[in-house]
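A.B. asks: Quick one, what's the 3D model for this:
(one chain, ligands or ions: 1)
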Amino acid sequence: MVSNPKRFMASPSLTKIAYQTLQGGKSLAGLAHKELSTKLMELLAPDAMPVTNPIPTELMKDLRGSMVALENLDWEEAEQGVYPVTQLFKAPWMEWAARYPLVWLDLPSTWERRKRRRTRDLPNQIDPDIYPDYYLQNFHHQTDGYLSDHSAELYDLQVEILFNGTADSMRRRILAPLKRGLKRFRHRKEASLRVLDVATGTGSTLKQIRGALPDIELLGLDLSRAYLRQASRYLNHRDGDLAQLIRGNAEQLPFANESMQGITCVFLLHELPWRARQNVLDECWRVLESGGVFVLADSIQISDSPKFSSLLDNFPKIFHEPYYKDYINDDIEKRLHSSGFTGVTAQSHFMTRVWTATKPSEGKKS
Ligand SMILES: C[S@@+](CC[C@H](N)C(=O)[O-])C[C@H]1O[C@@H](n2cnc3c(N)ncnc32)[C@H](O)[C@@H]1O
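C.D. replies: You can find the predicted model right below:
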């Protein structure tokens, strides 16, 4: 018999306090890690220190406010039933604990790469012909880029640290618009609906979608075999989180026209050159059924968050993000329209902007 997780939850206010405490702890851990690793870099690899804009106290306060707003919304949407409250507490805690020392052990090679401006330091055995050229780089100065199991095993923890424990809360912002959009197909059985997560990485978004929509058919696509292997370990276990994982290029999706009712894409666009960015949006439009919903999440941009522009400016100074500067000045709404999407809306949540768009029922590009 499947047990009801709600039975094990304390009263809503106690659970909210537990959630806030957990988030506070994650945030402190992320800040402490960054503080310590910066000090260590100053000491051991001063040449690798990036030169960044100073962040004024006022801006830090704004940032903190925006983080608290994200946390509150994350809680409210759980209470409204967009996803189970239990999802707020789920994470591969034991794996993260076991891998945390590896994050430290990996730092010196990251510093070395930054210092020597080595951005194409990839495993020898990869076949470069099966990847687009822009992909063959060490994004974030990451060891092996996206192309090894070592990189895939550290990725989630590194992202959690980078965003002070808010990465999953930011990803979850796609769930409410996705569920609203899928209501257009309410006359069909949920099990007949297909949702594709493009550039799924290690599967965090798929896991969240499965929690919110237990019966739909889920698919995830990514260019990295290693990341998909990690996603498979994370998702396809006996609790029944089954998702199909497909290796492929988001610029040429290996799916038939109009074969999905929902598509999501989280944290991909800022890592693509401008032409590839448009190709991905065009492909999502092609594969989506008329009336289907597309939910896109990525970094905030200068136009929607001008007060954070010095922070956005710092990001590619610290991490190898060759297309980020172009991305934060790009007009994504215009791109979505030029792919053929309509009803485009967008909202920012802490460091993430979420666009929702529809493929019009007549299905023709304007
Ligand atoms: C920053 S990660 C985001 C992963 C995941 N969506 C998340 O929320 O953590 C970017 C992902 O995009 C994948 N990727 C980059 N270019 C791609 C492309 N052209 N087609 C498919 N996947 C791609 C990478 O392999 C990586 O897993």
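
A.B. asks: State the helix or strand in which V195 lies.
C.D. replies: Taking DSSP states H and E as the criterion, V195 maps to strand 194-198.

A.B. asks: meant to ask about A32, not that
C.D. replies: For A32, the host element (DSSP H and E) is helix 12-44.

A.B. asks: Identify all contacting residues around the very next helix or strand once past that helix.
C.D. replies: Heading C-terminal from helix 12-44, the first helix or strand you meet, by DSSP H and E, is helix 57-79. For helix 57-79, the external contacting residues (Cβ atoms under 8 Å, 6 or more residues apart in numbering) are 12, 16, 19-20, 23, 27, 83-85, 87-88, 164, 166, 169-170, 172-173, 175-176, 307-308, 310-311, 349-350. For glycine as for every other residue, the C-beta is placed from the backbone atoms N, C-alpha and C.

A.B. asks: among these, which ones are buried?
C.D. replies: Neighbour counting by 16 or more other Cβ atoms under 10 Å classes 16, 19, 23, 27, 83-85, 87-88, 164, 166, 169-170, 172-173, 175-176, 308, 311, 349-350 among the contacts of helix 57-79 as buried.

A.B. asks: Not including adjacent chain positions, what is the nearest residue to V293?
C.D. replies: Leaving aside its chain neighbours, V293 sits nearest to G181 (2.4 Å; criterion: Cβ to Cβ, 6 or more residues apart in numbering).

A.B. asks: Ramachandran coordinates for the closest residue to the ligand within the stretch 51-200 of the chain?
C.D. replies: Nearest residue of the stretch 51-200 of the chain to the ligand, counting by Cβ to the nearest ligand atom: A199, 3.4 Å away. Here is the backbone geometry of A199 (degrees, to the nearest 10): phi 60, psi 60.

A.B. asks: Enumerate every residue touching it.
C.D. replies: Shown in contact with A199 (Cβ under 8 Å, 6+ apart): 221-223, 250, 265-268.

A.B. asks: Excluding chain neighbours, what is closest to the closest residue to the ligand within the chain?
C.D. replies: The ligand sits closest to G201 of the chain, with a gap of 2.7 Å, by Cβ to the nearest ligand atom. Excluding the flanking residues, the one nearest G201 by Cβ to Cβ, 6+ apart is Y227, at 5.1 Å.

A.B. asks: Secondary structure element holding the one you found?
C.D. replies: Using DSSP H and E, Y227 falls in helix 225-235.

A.B. asks: does F294 sit in a helix, a strand or a coil?
C.D. replies: Secondary structure of F294, reduced to three states by DSSP: H, G, I helix; E, B strand; the rest coil: strand.

A.B. asks: Is it in contact with V354, as I believe?
C.D. replies: No - with contacts counted by Cβ atoms under 8 Å, F294 stays clear of V354, the gap being 11.1 Å.

A.B. asks: Compare the two (neighbour count), which wins?
C.D. replies: Each of F294 and V354 has its neighbours counted (other Cβ atoms under 10 Å); F294 has more, 28 against 22.

A.B. asks: Quick check, pLDDT for the more buried one.
C.D. replies: The confidence metric pLDDT takes the value 98 at F294.

A.B. asks: Tell me who's in contact with it.
C.D. replies: Listed by Cβ under 8 Å, 6+ apart, the contact set of F294 reads 181, 262-265, 284-285, 288, 336, 341, 355-359.

A.B. asks: rerun that using 7 Å as the cut-off
C.D. replies: 263, 284, 288, 341, 357 (Cβ atoms under 7 Å, 6 or more residues apart in numbering).

A.B. asks: now swap in E190 and tell me
C.D. replies: E190 sits next to 213, 215-216 when contact means Cβ under 7 Å, 6+ apart.

A.B. asks: again, only this time at 6 Å
C.D. replies: With contact set as Cβ atoms under 6 Å, 6 or more residues apart in numbering, E190 has these partners: 215-216.

A.B. asks: for G30, same thing?
C.D. replies: By Cβ under 6 Å, 6+ apart, the neighbours of G30 are 161, 164-165.

A.B. asks: any chance of those residues in TSV, plus pLDDT?
C.D. replies: Shown next, in TSV, are the contacts of G30 (pLDDT from 0 to 100):
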residue	pLDDT
I161	90
N164	90
G165	92
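
A.B. asks: So which bits of the stretch 151-300 of the chain are right by the ligand?
C.D. replies: Residues of the stretch 151-300 of the chain lying close to the ligand (Cβ under 6 Å from any ligand atom) are 171, 199-201, 204-205, 222-224, 227, 249-251, 266-268, 271.

A.B. asks: I should have written the stretch 1-150 of the chain there, sorry.
C.D. replies: Close to the ligand, as judged by Cβ under 6 Å from any ligand atom, the stretch 1-150 of the chain has residues 132, 135, 146.
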